[in-house]
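1. With the input below, show me the fold.
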Amino acid sequence: MRYSSAARTSSPLPLRVLHGVVFGGFSALCLAADWPELEHLVRTQLQPFHAGPPPRPELLWAVLAAVVGMLVVLVQAVRGRSARLQWSLLILGALVISLWGNREGLVAGRTADSANLKILQVARELHGRTVDALQERGSAPEDVGSWQAALQEVSHGLPTPVRSRSFAPLPFVIQKVDSPDALPEDVPPGTLLLYVMQGGVAYEIHPVGLSPSGEPWRLREPGGEPLVFRGAFNPDLIPSARDSR
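-> Numbering: from 1, shown residues only. The predicted model follows:
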């Protein structure tokens with residue numbers, strides 16, 4: 001009985017080689033298709049912050065299934081046996097999930113540049129809205145609450161594209177400072193550092209973005225200088241286009 005059982009589970013060498021090559025290729029295809037998700041997962045845990053959507057769990061599971069299935073196939077081949085059918089089906093299923101999950105290509109928005117562009121757009125819109133109101137009213141709000149409410153409006157209540165290691169999205173936040181010459185360094189991306197001159201006659205907005213290495217940094221102009229949005233009341237300016245009729 002022992003002999004006949006071993007005979008039933010043994011497999012010819014050419015068949016084992018063919019099986020290993022074919023399913024090894026399937027596993028390699030799966031790993032190649034899902035590599036960006038693995039790379040992004042590693043990056044999210046090595047950096048304090050990262051940009052874009054989190055790794056897609058179904059593709060990570062597909063890689064794990066393909067690797068485990070292939071290891072079983074290889075171990076059984078070394079032992080002179082063919083792996084059970086379910087392990088081959090596991091690899092095939094992983095490949096199908098990988099190809100289906102990647103049908104639309106790479107996930108967009110996972111770069112620091114894309115996140116910084118969104119932060120820049122929100123900061124610019126907030127500045128544009130505030131500077132018009134400043135010319136109409138003669139002063140900008142001095143309380144953080146009014147600025148935060150305006151920020152929520154221009155961002156439509158959405159968070160920044162930047163996430164923490166736990167994949168929680170960071171919100172857009174106004175942080176008021178006492179002086180534009182002593183800005184804090186330990187603020188998360190998506191923070192707009194705000195300085196308002198006494199009386200609200202002038203203000204500065206310093207947007208904080210994301211560096212390529214995942215660290216917070218102030219957004220910069222093409223020349224390398226820190227980017228600042230400045231507004232100041234000028235009574236000689238026409239308040240709005242509707243008053244010029």
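2. Quick one: list the elements packing against the helix or strand hosting residue 150.
-> In this assignment (DSSP states H and E), residue 150 forms part of helix 144-154. Helices and strands in packing contact with helix 144-154 are listed as helix 112-137, strand 173-176, strand 191-196; criterion 3 or more C-beta pairs under 8 Å, 6 or more residues apart in numbering; DSSP states H and E. The C-beta positions use only the backbone N, C-alpha and C, and glycine is treated the same way.
3. 6 Å instead, please
-> Using 3 or more C-beta pairs under 6 Å, 6 or more residues apart in numbering; DSSP states H and E as the contact definition, the elements that helix 144-154 packs against are helix 112-137, strand 173-176.
4. which residues sit against it?
-> Outside helix 144-154, the residues that touch it by C-beta atoms under 6 Å, 6 or more residues apart in numbering are 122, 125-126, 172, 174, 176, 194.
5. And the residues you listed, which of them are buried?
-> Judged by neighbour count, with 16 or more other C-beta atoms under 10 Å as the criterion, the buried members of these are 122, 126, 172, 174, 194.
6. distance of the second one from residue 149?
-> Counting by C-beta to C-beta, to the nearest Å, the gap between residue 126 and residue 149 amounts to 11 Å.
7. Likewise for the third one?
-> In this structure, residue 172 lies at 12 Å from residue 149, with C-beta to C-beta as the measure.
8. swap in the last one?
-> Distance check for residue 194 against residue 149: by C-beta to C-beta, it reads 13 Å.
9. Look up which helix or strand residue 97 falls in, please.
-> With the criterion set as DSSP H and E, the secondary-structure element containing residue 97 is helix 85-101.
10. other SSEs contacting that helix?
-> In this structure, helix 85-101 packs against helix 13-46, helix 57-78, with contacts taken as 3+ C-beta pairs under 6 Å, 6+ apart.
11. Redo the helices and strands packed on helix 144-154 as a markdown table? Include distance to residue 185 and mean pLDDT.
-> Converted to a markdown table, the helices and strands packed on helix 144-154 look like this (distance: least, C-beta to C-beta, whole Å; pLDDT from 0 to 100):
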| stretch | distance to residue 185 | mean pLDDT |
| --- | --- | --- |
| helix 112-137 | 17 | 93 |
| strand 173-176 | 12 | 96 |
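12. what about this structure, any weak spots by pLDDT?
-> The model of the chain has pLDDT under 70 over residues 1-11, 235-245.
13. I'd like to check the angle between the longest strand seen in the chain and helix 112-137, please.
-> Assignment by DSSP state E gives strand 202-210 as the longest strand of the chain. Compare the direction of strand 202-210 with that of helix 112-137 by axes from the mean of the first three to the mean of the last three C-alpha atoms, to 10 degrees and you get 170 degrees.
14. Against which helices or strands is strand 202-210 packed?
-> With contacts defined as 3+ C-beta pairs under 6 Å, 6+ apart, the packing partners of strand 202-210 are helix 112-137, strand 191-196, strand 216-218, strand 229-232.
15. Okay, now the sheet partners of the second one, with direction.
-> Taking DSSP bridges as the criterion, strand 191-196 forms sheet pairs with strand 173-176 (parallel), strand 202-210 (antiparallel).
16. Nearest to residue 37, out of those?
-> Nearest to residue 37, of all the strands paired with strand 191-196, is strand 202-210, at 20.1 Å by C-beta to C-beta.
17. neighbouring contacts of that closest one?
-> When contacts are taken as C-beta under 6 Å, 6+ apart, the neighbours of strand 202-210 outside the stretch itself are 49, 51, 112, 115-116, 119, 123, 127, 140, 162, 180, 187, 189, 191-196, 216, 218-219, 228-232.
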